[in-house]
Structure formats: C-alpha cells, structure tokens
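**Q** Turn this into a model:
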Amino acid sequence: MAFLASPGGQNIREYIRRLKLERGRASMQFLVDLLANLPSLRELDFAHVRFPKDDVDMAGLGRPRRAIDKLVFSIEYDQWDDSFVNILNILGLFTDIGQLEYWGGVKDERQEDVLPNLYWPEPVKIRSLVVFEVPHLWLSVILEAISKKSGSLDDGTLDTLTIGLEGQAYEVETLMPFVRAAAPCIRRLRLNPVLTGLDDSYGYDRPEELSALPLEECVNLRSLVLVIDEHEEGDGLQVITETQLEAYIQLLDRCAPNGIERVVFDLRCTYDYEVFLGMNWEGMDRVLSKIKSLQSVRVDYSHIRKFPVDKFKALVPMTVKRGILHIQPAKYPDTTGWLQTPFE
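**A** Have a look, this model is predicted:
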C-alpha cells in the first residue's frame, strides 16, 4: 500500500478496478481509508490477510459505504479465531456485493461468539454467495449473519448460491437452515462436492448425505450447475467422480424442483474419458426424464482430451430424444474456471 500513497500511486488510484491484497495485516481503519482512495474499485480479493481485533469504534469509523462487484476472502486455517469478527465486519463497508466468496482452511474450533460483536450500519445486499471448504462451525456463523442481518433473503436479493463441500452429514446439517431460508430466492445453484483423499474405508462411497439438501424447497430454481471435479491426483479418481455423479442422481431423484429449466454438468476431469463413460449416466438419464420442465441439459467438458460425443449420447437416449442435450468445450477450463461456468 506504500505505492498507492506515493506520487506515482496517487496518479493511478482513480483507475484501479481490481485489487488483490496478499498476507500482511489490515485494520478496519486502513480498509476504510483504502476504499475512500480507490473510487473505481469493483473487485477486492483478500488472500490470507489478517484482520486483527482492535479497539476502534465501529460505529464511528465514518464509512463511505458503496457497492462492489466481487469481494473474496481466502482464509488460512489459523485465521478463524483472531480475525473472524472483522472478516464479517468488512461486509458492512458496502451497500451491495455482487458476489461474495469465502474460501476456507481446515480449522474447525469455534472459540468466540461472533454475531454479538458484528456491526453493519445498514443492511448489506449480497446477490451471489460462494462458500468453498469453509469449516462447518464457522460456516454456520457466515450463513447466520447473512440470513439474519444482511436483508438479502428478505427481499430476494440473494439469487445465486455456490456450495463446495465434502458431502458429510454435519456439513449438510449446517447448510440446511440457510438453504431453507434462502430457498424462495435461489434461482441459480452450483454444487461442487470436494471428495478429496477418498478411499473406501473413509465412507465417501456413500453419497446419500448430499442428497438430503432440501432442493425441493427452492421453488424458483431455474438453473443448476453440477460440477464433477477430480480435485486431486491419485488412485481414487474414478471412485471420486463416480461418487459425485451418484450423489447428483440421488439428489435429483429425491427432490428435483418442478420448475427447473437448465441442468449443466461441468466436467473438470482430465483422465481418459473411457472411465467417464463407465459412470452411471443411464441412471442420470432416467432421473432427468422425470423433470418435465427441463429445457436444456448441457455438458461442458475439458479441452484436454477429445470428448466422445457419440458414445456419450448413447448413454442418455431419453435426453437425446427430447432434443435438449448440448455438448460443448468449457469456456473456462482452468482450475477455478468452474466458478465462471455459465448458468444459461
């Protein structure tokens, strides 16, 4: 930040639209001053930045509240305790957040009651929420704050939800109250089960926990993106991807919303597509055939290998017969490109 305060930095501050801060520490007063000096800023990314507790009067900061298109927090495992209340307080610096993202660590010990210390001077409208591998005890705090304090569910502002989780029962249980509260708002939903380190003894071959999500309560859901992602290399890749697909089959078979119009399968797989073809696509075809409101089923595949289009179509004859199947290369094939996969 010393550069922005320099004569050269002062000349470009009004043109900066995207800013990423990595590591270091940032006080609330520092962030207020930062935003005041970057009038064109539309995207702000915090990568492992610490937000220490301080004695500053949150109500007296004199915040110039504003809108922002994207606000991203990548949080290390040991940041949850000492920084978390200000990680949430930062949201109060804005009136409207186009997309809010939390990328988490592994720590799952909640040692403080955060919400009583949370200060947002006015409601914060959040339009799209991404939570990916956030420890579930802290995830519950994030979701409760947004549900009870932001106002984004009261008026239907939050209409897009992206969830990355391992599909364990305690994670789904943590998500349940929020999904139910947000259900009438949600029009676009993206799921990415992170089945890392999979082996049969760990129980990831039982995907029924994910299927417990109350999808049927999302009565206005129109677009659903289902990510099938390796996430890591190893001997369990085939089991991982098969488990993801089975979880999706069970989820849609149990509770597909009546009005859903589009389902997208985002294939983030780099291995031989013969393995992919051996998965239970016949079961998915059967489930999709029951959703009468479907207007499009799209498969986005990685550019790395040629996709066996004809062989795949033979596995989903009912979807092909309806004339709603579309197969295309992924527009954003990089590692985090699944976040940009179009819903439409």
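**Q** List of residues touching stretch 169-185?
**A** Residues from elsewhere that reach stretch 169-185, judged by CB atoms under 8 Å, 6 or more residues apart in numbering: 136-137, 139-140, 143-144, 146-147, 152-153, 156-159, 161, 163, 165, 186, 209-210, 212-214, 217-220. Where you see a C-beta, it was placed from the backbone N, CA and C, and this is true even at glycine.
**Q** Tell me the span between the first and last residue of stretch 257-275.
**A** 30 Å (CA to CA, to the nearest Å).
**Q** hmm, back to that, which ones among the contacts of stretch 169-185 map onto strands?
**A** Leu161, Ile163, Leu165 (DSSP state E).
**Q** The host helix or strand of Leu71 - contacts with which helices or strands?
**A** Leu71 belongs to strand 66-74 when assigned by DSSP states H and E. In terms of contacts (3 or more CB pairs under 8 Å, 6 or more residues apart in numbering; DSSP states H and E), strand 66-74 is packed against strand 43-47, strand 94-103.
**Q** pLDDT-wise, which helix or strand of the chain ranks last?
**A** helix 2-5 (a mean of 59; mean pLDDT, DSSP states H and E).
**Q** Dump the helices and strands packed on strand 66-74 to JSON lines, plus mean neighbour count.
**A** Below are the helices and strands packed on strand 66-74 laid out as JSON lines (neighbours: other CB atoms under 10 Å):
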{"stretch": "strand 43-47", "mean neighbour count": "19"}
{"stretch": "strand 94-103", "mean neighbour count": "19"}
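**Q** Quick one: those strands as JSON lines, columns for distance to Val114 and mean pLDDT too.
**A** Putting the helices and strands packed on strand 66-74 into JSON lines (distance: least, CB to CB, whole Å; pLDDT from 0 to 100) gives the following:
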{"stretch": "strand 43-47", "distance to Val114": "17", "mean pLDDT": "94"}
{"stretch": "strand 94-103", "distance to Val114": "14", "mean pLDDT": "93"}
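**Q** what is the mean pLDDT for whichever helix in the chain runs longest?
**A** Longest among the helix segments of the chain by residue count, using DSSP state H, is helix 237-255. What helix 237-255 shows for mean pLDDT is 81.
**Q** oh, and call the first residue 752 from now on, that's how I've got it
**A** Right, with 752 as the first residue, what we last looked at is helix 988-1006.
**Q** which other helices and strands contact that helix?
**A** Secondary elements touching helix 988-1006 (3+ CB pairs under 8 Å, 6+ apart): strand 939-944, strand 974-980, helix 1024-1028, helix 1032-1040.
**Q** Need the per-residue pLDDT for Pro872.
**A** The per-residue pLDDT reported for Pro872 equals 80.
**Q** and it, how many neighbours?
**A** 13 (other CB atoms under 10 Å).
**Q** hang on, it packs against Leu844?
**A** No. Pro872 lies out of contact with Leu844 (CB atoms under 8 Å); the separation is 9.3 Å.
**Q** For Tyr921, grab the count of nearby residues.
**A** 12.
**Q** tell me the phi and psi of it?
**A** Dihedral pair for Tyr921: phi -70, psi -30, per degrees, to the nearest 10.
**Q** that older thread, which of the contacts of stretch 920-936 are buried?
**A** 887, 890-891, 894-895, 897-898, 903-904, 908-910, 912, 914, 916, 937, 960-961, 963-964, 968-969 (16 or more other CB atoms under 10 Å).
**Q** on that earlier part again, Met1069 is nearest to which of the helices and strands packed on helix 988-1006?
**A** helix 1032-1040 (4.2 Å; CB to CB).
**Q** So which elements touch that closest one?
**A** Short answer (3+ CB pairs under 8 Å, 6+ apart): helix 1032-1040 packs on helix 988-1006, helix 1060-1066, helix 1068-1073.
**Q** and Val1014, what element?
**A** Here Val1014 is assigned to strand 1013-1019, by DSSP H and E.
**Q** which outside residues touch that strand?
**A** 973-981, 1003, 1027, 1039, 1042, 1045-1053, 1081, 1088-1089, 1092-1095.
**Q** count of residues packed around Val930?
**A** Neighbour number of Val930 under other CB under 10 Å is 20.
**Q** which SSE is it in?
**A** Going by DSSP H and E, Val930 is part of helix 920-933.
**Q** just the CA coordinates of that helix, formatted as CSV?
**A** Taking Å, rounded to 0.1, in the frame of the first residue of the first chain, the C-alpha atoms of helix 920-933 are listed here in CSV:
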residue,chain,number,x,y,z
ALA,A,920,-23.7,-35.2,7.1
TYR,A,921,-22.5,-32.5,9.5
GLU,A,922,-21.9,-30.1,6.6
VAL,A,923,-25.3,-30.7,5.1
GLU,A,924,-26.8,-30.2,8.5
THR,A,925,-25.0,-26.8,8.8
LEU,A,926,-26.3,-25.8,5.4
MET,A,927,-29.9,-26.9,5.9
PRO,A,928,-31.3,-23.8,7.8
PHE,A,929,-29.7,-21.4,5.4
VAL,A,930,-30.9,-23.3,2.3
ARG,A,931,-34.4,-23.4,3.7
ALA,A,932,-34.3,-19.7,4.5
ALA,A,933,-32.9,-18.8,1.1
